[in-house]
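A.B. asks: I'd like to go over a predicted model; first the sequence, then the structure.
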Amino acid sequence: MIKLHGYPISNYTNKVKLALLEKGLEFEEIRTPFSQDEEFLQKSPMGKIPYLEVDGKYLVESQAILEFLEDAYPDTKRLIPADPFEAAQVRTIISFIENYIDIPARRLYESIVEGKTISPETVELTKLSIQKGARALSRMVKFSPYIAGKEFTAADCSAFATFQIINDHIADWISPNPLFEIPGLQAYLDMMMQNPNAAKVDKPKSVVMKALKRLRK
């Protein structure tokens with residue numbers, strides 16, 4: 001049995017969870033916050049989530065986990081295209097989302113997760129960084145209807161999980177939302193929410209995020 005260790009407000013946990021659901025793989029979800037305890041570090045050396053447990057072995061890093069699922073379960077729904085160029089495009093979109101949009105947005109996550117005060121300078125820097133990433137991504141994607149083309153791919157797992165997390169709290173700091181400089185993004189997210197697996201991923205995330213916001217008020 002596959003065991004997914006992570007937490008609902010981790011977009012990387014949700015990325016892997018959505019992939020597992022789309023592939024139709026049976027798995028157990030174990031709510032596990034990140035930790036620097038030695039026992040945890042034996043399973044996830046950087047103390048991060050998610051990590052995947054398979055037959056007593058552990059895998060970390062969400063993209064490596066997705067690649068493992070593609071190779072280990074070839075008879076399930078393919079999330080990385082067989083065509084080498086299309087596969088590279090999917091991986092590039094994921095890289096853009098996670099490096100140029102998610103990483104800058106994490107400057108604001110501390111306000112909710114850790115209750116830290118965010119300076120106006122940090123807010124402005126975050127806004128400019130997300131704008132730059134969003135504009136770059138908009139040059140790559142066309143939502144036809146999915147982010148990498150006609151088929152649901154691993155890029156959708158990353159995009160949906162990341163954009164939904166950012167949307168949940170960015171309005172508290174930045175308006176208008178710089179993500180929506182990506183043409184067609186709102187329609188894409190609305191379409192994704194009609195996907196039962198995406199909705200199943202989003203619901204617990206929203207519940208936990210709302211609870212955290214109430215605690216931080």
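C.D. replies: Yep, that arrived.
A.B. asks: would you map the strands across this structure?
C.D. replies: Counting by DSSP state E, the chain has these strands, from start to end: 2-6, 27-31, 51-54, 57-60.
A.B. asks: low-scoring stretches of this protein, by residue?
C.D. replies: 110-115, 215-217 (pLDDT under 70).
A.B. asks: for it, which helix is longest?
C.D. replies: Looking across the chain with DSSP state H, the single longest helix is helix 196-216.
A.B. asks: ok, back up a step: got a markdown table for the strands of the chain, with mean neighbour count and distance to Asn195 too?
C.D. replies: Just so you know, the C-beta spots here come from the backbone N, C-alpha and C atoms, and that holds for glycine as well. Formatted as a markdown table, those follow (neighbours: other Cβ atoms under 10 Å; distance: least, Cβ to Cβ, whole Å):
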| stretch | mean neighbour count | distance to Asn195 |
| --- | --- | --- |
| strand 2-6 | 21 | 19 |
| strand 27-31 | 14 | 18 |
| strand 51-54 | 21 | 22 |
| strand 57-60 | 15 | 25 |
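A.B. asks: in a markdown table, list these along with distance to Ile174.
C.D. replies: Compiled in a markdown table, the strands of the chain are given as follows (distance: least, Cβ to Cβ, whole Å):
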| stretch | distance to Ile174 |
| --- | --- |
| strand 2-6 | 27 |
| strand 27-31 | 29 |
| strand 51-54 | 31 |
| strand 57-60 | 31 |
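A.B. asks: so which of the ones you listed comes closest to Gln164?
C.D. replies: strand 2-6 (15.1 Å; Cβ to Cβ).
A.B. asks: how far off centre is stretch 106-126?
C.D. replies: Chain-centre distance of stretch 106-126: 19 Å, with Cα atoms, centre = their mean, to the nearest Å.
A.B. asks: distance between the ends of that stretch?
C.D. replies: Taking Cα to Cα, to the nearest Å, the first and last residues of stretch 106-126 lie 9 Å apart.
A.B. asks: check contacts around Asn177.
C.D. replies: Neighbouring residues of Asn177 by Cβ atoms under 8 Å, 6 or more residues apart in numbering: 167, 170-171.
A.B. asks: let's go with 10 Å and repeat that
C.D. replies: 127, 130, 134, 163, 166-167, 170-171, 185-186 (Cβ atoms under 10 Å, 6 or more residues apart in numbering).
A.B. asks: go on, Lys127?
C.D. replies: 104-105, 108, 170, 173-178.
A.B. asks: select only the buried ones of those residues in PyMOL?
C.D. replies: With 16 or more other Cβ atoms under 10 Å as the burial test, the buried ones among the contacts of Lys127 are selected in PyMOL as follows:
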select buried, resi 104+105+108+170+173+174+177+178
